[in-house]
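*Asks:* Pasting the sequence and the predicted model now:
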Amino acid sequence: MSLVRLKIKGISYSQTQNGAYALILNEVEGERKLPIVIGAFEAQSIAIALEKEIKPPRPLTHDLFKNFCDRFGIVIKQVIIHKLVDGVFYSSIISERDGEEEIVDARTSDAIALALRFGAPIFTYKTILDKAGIFLKFSSKEKDEEEGDDSIVVDEILQEGETVEIESGSGEAYREMTLEELHKELEKAVTNEDYEKAAKLRDEISKRK
């Protein structure tokens, strides 16, 4: 079976289902997106790995795992989303130590959080993308802003078979703040380990640059 390389498009949260987040992956050479519903902790961990300027005061679980691997010479080479059963994605972590390769079963959210920290590529099989991949629908305005805002409405993703719209994830309150206020709020959010809020603030700051 042929592998398709994926990259992370964005993360968003559900307005109706408490604690439900969606991680959106899209094929590197194509237009299809692969939406994966993940938990709040994993969403925050992935968001932190994406936002290089957000440094947690203490290592998160995935950071600890990365430090442990570094100490013992273990490298994650790639992650493969290899199975989809009843809406649940299954993944394998391909690791290497002293020239020997090992395959470890993992939840997809954990595997991707680790792949980001190791700079490892993420793949899935074409058959899975054919089955679960979707095309996202953009308005003309959203096309212009696509590079700056990749958040997706989780509630629409969870409605199987329907197209999804792109929605701004920063919020009106952040857009009304000055850059100085945004930076102060960002520092406060990181100190309080509220990484979801920190990621949104970082997005708004990036748009101003």
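*Replies:* Arrived safely.

*Asks:* domain assignment for this structure?
*Replies:* Domain ranges of the chain: 3-169, 170-209, per automatic domain parsing.

*Asks:* Can you give the distance of the last one from its chain's centre?
*Replies:* When distances are taken as C-alpha atoms, centre = their mean, to the nearest Å, domain 170-209 is centred 18 Å away from the chain's centroid.

*Asks:* Can I get the domains of the chain in a markdown table including mean neighbour count and mean pLDDT?
*Replies:* Backbone N, C-alpha and C define where each C-beta goes, glycine included. Below are the domains of the chain laid out as a markdown table (neighbours: other C-beta atoms under 10 Å; pLDDT from 0 to 100):
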| stretch | mean neighbour count | mean pLDDT |
| --- | --- | --- |
| domain 3-169 | 16 | 79 |
| domain 170-209 | 16 | 75 |
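
*Asks:* can you pull the contacts of Ala111?
*Replies:* Shown in contact with Ala111 (C-beta atoms under 8 Å, 6 or more residues apart in numbering): Val79, Ile81, Ser91, Ser92, Ile93, Ile122.

*Asks:* element containing the fifth one?
*Replies:* Spelled out, that is Ile93. strand 88-97 (DSSP states H and E).

*Asks:* other SSEs contacting that strand?
*Replies:* strand 75-85, strand 100-107, helix 108-118 (3 or more C-beta pairs under 8 Å, 6 or more residues apart in numbering; DSSP states H and E).
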